[in-house]
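A.B. asks: could you look at this predicted model? Sequence included:
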Amino acid sequence: MSIKQHLKIHAFFYLITLAILVVTFSSYYRFIILNDYIVSYEGECDPKMELCFIGCENDECTKEYYYTMVQKYAPDVYAQCGEDITDCVEASVCLPSDRECSITYCDPKVDGENACEDISLEDFNINDTGI
């Protein structure tokens with residue numbers, strides 16, 4: 001069997017293999033080298049000022065915490081906070097220099113009443129607001 005016949009018979013296999021290699025290397029370059037993706041995580045939230053999601057720290061839900069859903073462009077997060085965003089204040093806010101950033105607050109109509117911390121007028125101390 002000659003090389004031309006071999007290529008005619010196995011052309012589809014070689015094209016699929018080449019396509020898989022191109023997609024694999026381009027994805028590796030985009031996601032690992034350039035960090036070109038959006039990250040989503042829980043940001044800080046003050047239930048006295050905003051409608052926050054309610055989360056539980058353990059299965060029994062003995063301790064609750066409040067959060068927002070933050071989505072940011074990964075290179076911006078790494079530039080502002082480094083590898084660890086745990087105690088990074090910039091991670092919970094959208095800065096003017098951020099290319100893609102959104103913060104989602106809890107909406108009882110969309111997320112359900114049990115998912116949100118309700119804010120009432122009693123939650124606000126008149127002396128704290130300056131009114």
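C.D. replies: That came in fine, so what should we check first? Since the model is a prediction, treat every value here as computed from it, not as a measurement. Residues are numbered from 1 along each chain as shown.
A.B. asks: go ahead and confirm Ala107 touches Leu51.
C.D. replies: For the record, residue 107 is Asp, not Ala. Yes. Asp107 is within contact range of Leu51, at 7.0 Å (criterion: CB atoms under 8 Å). For the C-beta atoms, the positions are set from N, CA and C on the backbone; glycine is no exception.
A.B. asks: quick one: common contacting residues for the two?
C.D. replies: Common neighbours of Asp107 and Leu51, counting by CB atoms under 8 Å, 6 or more residues apart in numbering, are Cys116.
A.B. asks: who's more crowded, those two?
C.D. replies: Comparing Asp107 with Leu51 by neighbour count (other CB atoms under 10 Å), the higher total belongs to Leu51, at 18 against 12.
A.B. asks: helix, strand or coil for that one?
C.D. replies: Leu51 carries the three-state label coil when classified by DSSP: H, G, I helix; E, B strand; the rest coil.
A.B. asks: now it: phi and psi?
C.D. replies: phi -80, psi 110 (degrees, to the nearest 10).
A.B. asks: before we move on, what about Tyr66?
C.D. replies: Its backbone dihedrals place Tyr66 at phi -120, psi 140, with angles given as degrees, to the nearest 10.
A.B. asks: how much space between the nearest residue to it once chain neighbours are set aside and Thr68?
C.D. replies: Excluding the flanking residues, the one nearest Tyr66 by CB to CB, 6 or more residues apart in numbering is Cys52, at 3.7 Å. With distances taken as CB to CB, to the nearest Å, Cys52 is found 6 Å from Thr68.
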